[in-house]
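> could you work out the structure for the sequence below:
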Amino acid sequence: MKDFDKSRSAGYLANHQARLFAQALAERINPMGLAPAQFQCLLELWREDGLTQRDLVQRLDVEQATMANTLKRMERDGLIERRAHAGDARARTIHLTERARDLQGPAQAEAQAVNARATAEMSDEERTAFLDLMTRAVDALRK
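Reported below is the predicted structural model:
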């Protein structure tokens, strides 16, 4: 049987890359009081405030329990507030606080710096191809 070559495994490399990205991002946003999981939620809420927990679970492809814990920490940290849903008495919508809105520019700038560092040795064409291929892999796994 042939040995498993992790350097030729898309799954291994994507997982390793994701961990490295998360570590690099954490180093840059922790001083703002943010964790990478919170940043992911904020990206969605900066784009569309007032989502439900279910919306975030679907958009971020995470488990319900994981999202519940992340949102609990975000509420504790003054990043979000929950409000009654206008059309569903059982649901609550999640809204950004002023603190979270103020963090959008600085936090996104730090994420862009991490992305720039990771792709610094790629040409513009390689960077575009890399991102296109990653997007296709994500889309294929979602099906």
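> give me the most central residue, this structure.
Of all residues in the chain, the one closest to the mean position by C-alpha atoms, centre = their mean is residue 40, 2.6 Å from it.
> with adjacent residues omitted, what lies nearest to it?
Nearest residue to residue 40, sequence neighbours excluded (C-beta to C-beta, 6 or more residues apart in numbering): residue 60, at 5.5 Å. Where you see a C-beta, it was placed from the backbone N, CA and C, and this is true even at glycine.
> what helix or strand is the residue nearest to the centre of the chain on?
Using DSSP states H and E, residue 40 maps to helix 36-47.
> SS state for residue 2?
coil (DSSP: H, G, I helix; E, B strand; the rest coil).
> how far away is the residue nearest to the centre of the chain from residue 79?
Relative to residue 79, residue 40 is positioned 12 Å away (C-beta to C-beta, to the nearest Å).
> do residue 135 as well
Separation of residue 135 from residue 79 (C-beta to C-beta): 28 Å.
> higher neighbour count, the two?
Each of residue 135 and residue 79 has its neighbours counted (other C-beta atoms under 10 Å); residue 79 has more, 22 against 10.
> is the more buried one in contact with residue 98, as I believe?
No: with contact defined as C-beta atoms under 8 Å, residue 79 does not reach residue 98; the gap is 10.1 Å.
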